[in-house]
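[1] please work out how this folds:
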Amino acid sequence: MTEVTRCPWCGTDPLYVRYHDEEWGKPVHDDHKHFECLTLESAQAGLSWITILRKREHYRDAYAGFDVATVATFDETDVERLLTNPGLVRNRRKIEASINNAKRFIEIQQEFGSFDAYIWSFVDNTVIRNEWESTDDIPATTELSHQVSKDLKRRGFKFLGPTTVYAHLQATGLINDHLASCFAK
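    Residues are numbered from 1 along each chain as shown. Reported below is the predicted structural model:
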């Protein structure tokens, strides 16, 4: 088997490698996937991404397969149910934010036709391709992530600061931050 060069952040954990190779940085144009990523990325705040990847299937089960319309109807009973689920990050503020964000997500869909149309409008529907040589070169935030975060906050979203938004832009392929040496570039 031929050895390939990957971004070093994924290490050798098979789950992380699969995420790097098959998902991260690939352009997403599906609202369901955008909602899943936003929910997981907001849950990740302060934690490692591999921790969230290991919990993703639990999130899928607990969050109705990331059906945004269903999550938007969650109430206090659902919050309590989610808080007792050991497969999730059991942080009340993050869980409440995810339900709030589902409602705001639907509002964006109604205004723009889709969340995808909204988010891609920030980059004129064109992937930003960076040519980083080292992971040390990759910023945690950019002017773009600050702009998107500010707009999301104005619309009532929570737990989506500039760092989390930058992670979303990377994960969903609006920004391609695979290193120049990476096979997935």
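
[2] how about the most centrally placed residue in the chain, phi and psi?
    By C-alpha atoms, centre = their mean, the mean C-alpha position of the chain lies nearest to Cys37, the distance being 3.1 Å. Geometry field for Cys37 lists phi and psi as phi -60, psi -50, criterion degrees, to the nearest 10.

[3] correct me, but it touches Gly173?
    No: taking C-beta atoms under 8 Å as the contact criterion, Cys37 and Gly173 are not neighbours in contact, 10.4 Å apart. (C-beta placed from N, C-alpha, C; glycine too.)

[4] which residues do those two both contact?
    Val28 (C-beta atoms under 8 Å, 6 or more residues apart in numbering).

[5] can you check the distance spanned by stretch 124-138, start to finish?
    One end of stretch 124-138 to the other measures 22 Å (C-alpha to C-alpha, to the nearest Å).

[6] contacting residues around it?
    Applying C-beta under 8 Å, 6+ apart, the set of residues contacting stretch 124-138 from outside is 7-9, 27, 144, 169, 173-177, 179-181.

[7] and Phe122, what pLDDT?
    Listed pLDDT for Phe122 reads 98.
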